[in-house]
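Q: quick one: sequence and predicted model below, then my questions.
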Amino acid sequence: MCGIVGALAQRNVTGILLEGLRRLEYRGYDSAGVCLLGDDGQLQLRKSQGKVADLEAKLQQQPSAGHLGIAHTRWATHGVPSDDNAHPHMSGHIALVHNGIIENHQALRSELQDKGYQFSSDTDTEVVVHLIHSLSSEGASLVDVVGKATQILEGAYALAVVSSEEPDVLACARLGSPLVLGVGIEENFIASDPMALRQVTDRFIFLEEGDVAEVRRGGISVRDKQGGEVSRPVHKLDGGHDVADKGRYRHYMQKEIFEQPEVVAATLAGRIGEHSVLPQALGARALEILPKVKQVQIVACGTSYHAGMVARYWLEEWAGVPCSVEVASEIRYRKTVVRPGTLFVTISQSGETADTLAALRQAKELGYLGFMTICNVPNSSLVRESELSLMTEAGPEIGVASTKAFTTQLVALQLFCLALAKTNGLSAEREAELVGALRQLPQLMEAFAGLDKTVQRTSEAFAEKNHALFLGRGVEFPIALEGALKLKEISYIHAEAYPAGELKHGPLALVDGDMPVIVVAPNNDLLEKLKSNLQEVRARGGQLFVFASPEAGFSSEEGMTLIEVPDCPRSLAPILYTVPLQLLSYHVALLKGTDVDQPRNLAKSVTVE
Ligand code: G6P
C-alpha cells in the first residue's frame with residue numbers, strides 16, 4: 001500500500017528519502033517517486049513505474065539534491081501503474097504526495113478543469129494538488145492553504161505538501177490514513193509509518209484524525225480539525241528489530257517463519273503465571289469489563305480474520321461465550337443487531353487497516369459493551385482508539401504474507417479466551433492444563449519449524465499445479481483457510497479451503513488425479529470423521545497430502561503422502577499446524593519463482609477501503 005516519506009534538514013535529504021522508501025517497500029507498491037527543492041529554487045521531480053531501485057537508477061542518470069523533499073511509493077487504485085500516475089504530483093509551485101482515496105475527486109476535477117487546470121494523470125490525487133494551487137494566494141501560508149483544501153476534500157488522506165515559494169516548510173494533513181512526524185535535531189521528517197524513519201530518529205508525533213501540521217527545521221506546529229493549535233505528545237520508540245536486516249535468510253517471509261518460536265514466547269511473556277493466565281495483561285480495565293461480557297463480536301480482514309475464526313471455537317468451548325466473526329468490509333455496511341453485553345474485538349497486524357478501523361469507529365455508535373484490539377503495532381490507530389489492547393509482540397513483519405503475526409495473534413487470542421473463560425467458571429484444573437500446554441509452545445514450534453526439509457521435498461509435487469484444495473474440520477478449518485490463503489498469495493496457485501464434511505456438497509466435483517488435496521489432520525474428536533472424508537477423495541483418484549502426527553494412525557501409500565508432524569496438545573494444534581503450511585507455500589513459491597516478500601497486486605497494510 002502507498003507509503004510517504006518527507007524530510008526537511010540542513011543536509012541533502014535525497015538519501016534519507018530513498019532509504020525511507022526502501023523501508024516501506026514491504027507494504028507493496030507499483031511505482032515510486034521523489035520531489036526535491038533544488039538549490040536553484042526549482043522543484044525537481046523524478047518518478048518511475050516499478051521498484052525503488054528503478055527510481056534510484058533514474059536518479060543516477062538525472063541526479064537531484066536538496067534540503068527539502070517528499071517521496072512516495074504508490075499502490076494503484078485510480079489509474080494504472082505508470083510514470084504519469086506515480087506521485088509526487090505537481091501544480092505550478094506546489095508538489096504533493098498522498099495516501100488514501102479522495103471520494104469527491106470527479107466533481108473537483110471538473111470544477112478545476114473549468115478553471116483551466118490541465119490533468120496529466122488519472123489519479124484522484126492530482127485534484128488535490130491543483131486544488132491547493134487554486135486556493136493559494138499572495139500572503140497565504142502553505143499550511144493555511146492545505147488546511148483550507150482539507151475542508152473541501154472528502155474521503156481519506158495523508159498528505160505531504162511542499163512549495164517552491166516556502167523553502168523551509170513541509171505541510172501535511174491526515175484523515176483516515178496514518179501519518180507521523182519524526183522529530184530530529186534541527187531537522188524534522190514525516191512518514192506514513194515510523195519504520196520509514198528509524199534510521200534518522202526514534203522520536204515520533206502521531207498525528208490525529210483531522211490534524212494539519214506545519215513542519216519546519218526548528219519546530220513543528222499542529223492544528224486540530226477545528227483549526228485550533230494543539231500540542232501532540234512526542235513518543236520515543238524502542239530499538240526493536242532492524243527491518244532492513246534479513247539476517248541469514250533469503251526472504252523476510254522465511255525469516256519470519258523461523259522467528260516464530262521466539263516471538264510466541266514474547267507473546268506469552270508476563271501474561272501467564274505457573275498455572276493460570278493473568279487477565280490484567282489485557283489492560284487496566286480488563287478486570288472491570290471481562291465479567292460483564294455476554295457475547296463477543298470479532299471483526300478483522302485477511303489473515304487476521306482467520307485468527308478470529310479460530311478464536312470462536314475457543315471462546316465457545318472454554319468460556320461458553322457466544323461469538324460471531326465477520327470481515328470488516330462486510331460488517332461496516334450492514335445493519336447489525338447488537339445484544340447487550342457484547343464486546344467488540346478487532347484483530348489486526350498493522351492496526352491501520354481501513355476497513356477494520358472504519359468498522360470500529362462505526363461500532364462505537366452502536367451500543368457495544370466495550371472495544372478491544374489484538375494488534376501488533378503499538379500506537380497504531382486501532383490501539384489508540386480501543387479501550388483494551390493486547391499486543392501480539394511479533395516485532396515488525398515485513399513479508400506481505402502474514403506468518404508470525406498470525407501465530408502470535410492466535411496465542412494472544414488464546415490468552416484472551418482463557419481470561420474470559422476464567423470469569424465464566426473455567427475450572428482451575430482445566431486452566432492449569434491449557435496454560436501448561438502454552439508453556440510448551442515455543443519448544444514445539446521449534447520442532448514444527450524443523451519439518452522444513454520434509455516440506456521442501458513435498459513442495460516439488462506442487463511445482464506444476466494450478467489448483468489445490470485444503471481440508472480441515474472444526475478448529476482446523478480456519479487453519480486450512482489460512483493455508484490456502486498463503487499458497488494463493490505467494491505462489492499464485494488457485495487454492496480453496498473447505499470443511500472436509502462439505503466436500504460432497506460441491507468441491508468433490510473438482511477432484512481428479514491432478515488435484516492435490518492438503519489435509520490438516522491432528523488427532524482430535526473429529527479425526528475418524530475426517531478419515532471418512534478422505535476416502536471420498538481417494539475414491540476419485542485425488543492426491544492427498546496429510547499433515548498428521550503418528551498417533552493419528554496415517555501412513556504413506558498410493559495416492560496419500562503423509563507429512564508426519566510431532567504429537568502436540570490439542571489446544572495448540574491450530575497454532576502449530578500452521579507452520580508446515582507456511583513452509584509449504586514458501587517452498588512452492590520458490591519453485592514457481594514468484595516475488596515471495598512482495599507478491600503481485602498485494603499490500604502489507606491496506607489503508608484504503
Ligand atoms: C492485507 C495483508 C494481509 C493481512 C490483511 C489485514 O491484505 O496483505 O496479510 O492479513 O491486510 O491486515 P491487518 O494489518 O489488519 O492484519
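A: On my side now, so go ahead.
Q: residue of the stretch 351-500 of the chain nearest the ligand, please.
A: Residue of the stretch 351-500 of the chain nearest the ligand, by CB to the nearest ligand atom: residue 353 (3.3 Å). The way it works is simple: take the backbone N, C-alpha and C, and place the C-beta from them, glycine included.
Q: thought that residue was touching residue 301?
A: Yes. Taking CB atoms under 8 Å as the definition, residue 353 is a contact partner of residue 301 at 5.3 Å.
Q: what's the spacing between the residue nearest to residue 251 when sequence neighbours are not counted and residue 250?
A: Spatially, and ignoring its direct neighbours in sequence, residue 251 is nearest to residue 596 (4.6 Å; CB to CB, 6 or more residues apart in numbering). Residue 596 sits 8 Å away from residue 250, going by CB to CB, to the nearest Å.
Q: also residue 183?
A: According to CB to CB, residue 183 and residue 250 sit 36 Å apart.
Q: those two - which one has more neighbours?
A: The neighbour count for residue 183 versus residue 250, taken as other CB atoms under 10 Å, is higher for residue 183 (21 against 12).
Q: partner residues bridging the more buried one?
A: On the basis of DSSP bridges, residue 183 is bridged to residue 188.
Q: try residue 470
A: On the basis of DSSP bridges, residue 470 is bridged to residue 497, residue 518.
Q: you'd agree it is up against residue 518?
A: Yes. Here residue 470 reaches residue 518: they are 4.8 Å apart, a contact under CB under 8 Å.
Q: can you tell me which residues contact the residue of the stretch 351-500 of the chain closest to the ligand?
A: 300, 301, 304, 328, 382, 605, 606, 607 (CB atoms under 8 Å, 6 or more residues apart in numbering).
Q: residue of this protein closest to the ligand, please.
A: Nearest to the ligand, among the residues of the chain, is residue 302, at 2.7 Å (CB to the nearest ligand atom).
Q: wait, that residue touches residue 485, no?
A: Yes. Counting by CB under 8 Å, residue 485 is a contact partner of residue 302 at 7.3 Å.
Q: distance check, the residue lying closest to residue 120 once chain neighbours are set aside against residue 122.
A: In space, and not counting its chain neighbours, residue 120 is closest to residue 84: 5.8 Å by CB to CB, 6+ apart. As judged by CB to CB, residue 84 and residue 122 stand 8 Å apart.
Q: state the mean pLDDT of stretch 597-609.
A: Across stretch 597-609, the average pLDDT comes to 84.
Q: I'd guessed residue 338 sits against residue 370; true?
A: No. The pair formed by residue 338 and residue 370 falls short of the contact definition of CB under 8 Å, at 12.0 Å.
Q: ok, the residue of the chain closest to the ligand to residue 323 distance?
A: For residue 302 relative to residue 323 (CB to CB), the value is 19 Å.
Q: specify the residue positioned farthest from the middle of this structure.
A: With CA atoms, centre = their mean as the measure, the chain has its most outlying C-alpha, relative to the mean C-alpha position, at residue 138: 43.0 Å.
Q: close to the ligand: what parts of the protein are there?
A: By CB under 6 Å from any ligand atom, the residues of the chain that approach the ligand are 301-304, 348-350, 353, 356, 400, 402, 602-606.
Q: by neighbours, which of those wins?
A: Highest neighbour count within those, by other CB under 10 Å: residue 348, with 33 neighbours.
Q: give the contact list for that one.
A: The contact partners of residue 348, by CB under 8 Å, 6+ apart, come to 300, 301, 304, 356, 373, 374, 375, 376, 380, 382.
Q: okay, now the sheet partners of the one helix or strand the fifth one maps to, with direction.
A: Spelled out, that is residue 373. Using DSSP states H and E, residue 373 falls within strand 370-375. Partner strands and pairing direction for strand 370-375 (DSSP bridges) are strand 342-348 (parallel), strand 388-391 (parallel).
Q: quick check: angle from the helix or strand following the longest one to strand 370-375?
A: Think strand 342-348. Later in the chain than strand 342-348, the nearest helix or strand by DSSP H and E is helix 354-363. Per axes from the mean of the first three to the mean of the last three CA atoms, to 10 degrees, the angle that helix 354-363 makes with strand 370-375 is 170 degrees.
Q: what about the longest helix in the chain?
A: helix 428-449 (DSSP state H).
Q: what is the next helix or strand after that helix packed up against?
A: Later in the chain than helix 428-449, the nearest helix or strand by DSSP H and E is helix 452-459. With contacts taken as 3 or more CB pairs under 8 Å, 6 or more residues apart in numbering; DSSP states H and E, helix 452-459 sits against strand 560-564, helix 573-592.
Q: hey, least reliable of the ones you listed by pLDDT?
A: Looking at the helices and strands packed on helix 452-459, the lowest mean pLDDT belongs to strand 560-564 (a mean of 94).
Q: what's around residue 79, how many residues?
A: Residue 79: 16 surrounding residues under other CB under 10 Å.
Q: sorry, wrong one. I was asking about residue 372.
A: Per other CB under 10 Å, the neighbour tally for residue 372 reads 27.
Q: now for it: which residues touch it?
A: For residue 372, counting by CB under 8 Å, 6+ apart, the contacting residues are 282-283, 289, 343-346, 386-390, 416.
Q: follow-up on the earlier one: neighbour count winner among residue 338 and residue 370?
A: Between residue 338 and residue 370, residue 370 has the larger neighbour count (other CB under 10 Å), namely 19 against 14.
Q: and the residue nearest to residue 251, its phi and psi?
A: For residue 596, the backbone dihedrals (degrees, to the nearest 10) come out as phi -60, psi -50.
Q: surely it touches residue 399?
A: Yes. In this structure, residue 596 is within contact of residue 399 by CB under 8 Å, at 7.1 Å.
Q: show me whatever sits in contact with both of those two.
A: Common neighbours of residue 596 and residue 399, counting by CB under 8 Å, 6+ apart, are 251, 253.
Q: who's more crowded, these two?
A: Shown here are residue 596 and residue 399; by other CB under 10 Å, residue 399 has more neighbours (25 against 22).
Q: about what we covered before: and the residue of the stretch 351-500 of the chain closest to the ligand, how far from residue 605?
A: Computed as CB to CB, the residue 353 to residue 605 distance reads 7 Å.
Q: do residue 271 as well
A: Relative to residue 605, and taking CB to CB, residue 271 is found at 26 Å.
Q: for this protein, which residues score under the pLDDT cut-off?
A: Across the chain, residues meeting the criterion (pLDDT under 70) sit at 1, 27, 239-244.
Q: tell me where the stretch 151-300 of the chain has helices.
A: Using DSSP state H, counting those that start in this stretch, the helices of the stretch 151-300 of the chain run over 252-258, 260-268, 286-289.
Q: and the last one, how far from the chain's centre?
A: Relative to its parent chain, helix 286-289 has a centroid offset of 28 Å by CA atoms, centre = their mean, to the nearest Å.
Q: can you check the second one too?
A: Remark: helix 260-268 is offset 19 Å from the chain centroid, using CA atoms, centre = their mean.
Q: ok so residue 6 is a helix residue?
A: No. With DSSP: H, G, I helix; E, B strand; the rest coil as the criterion, residue 6 is strand rather than part of a helix.
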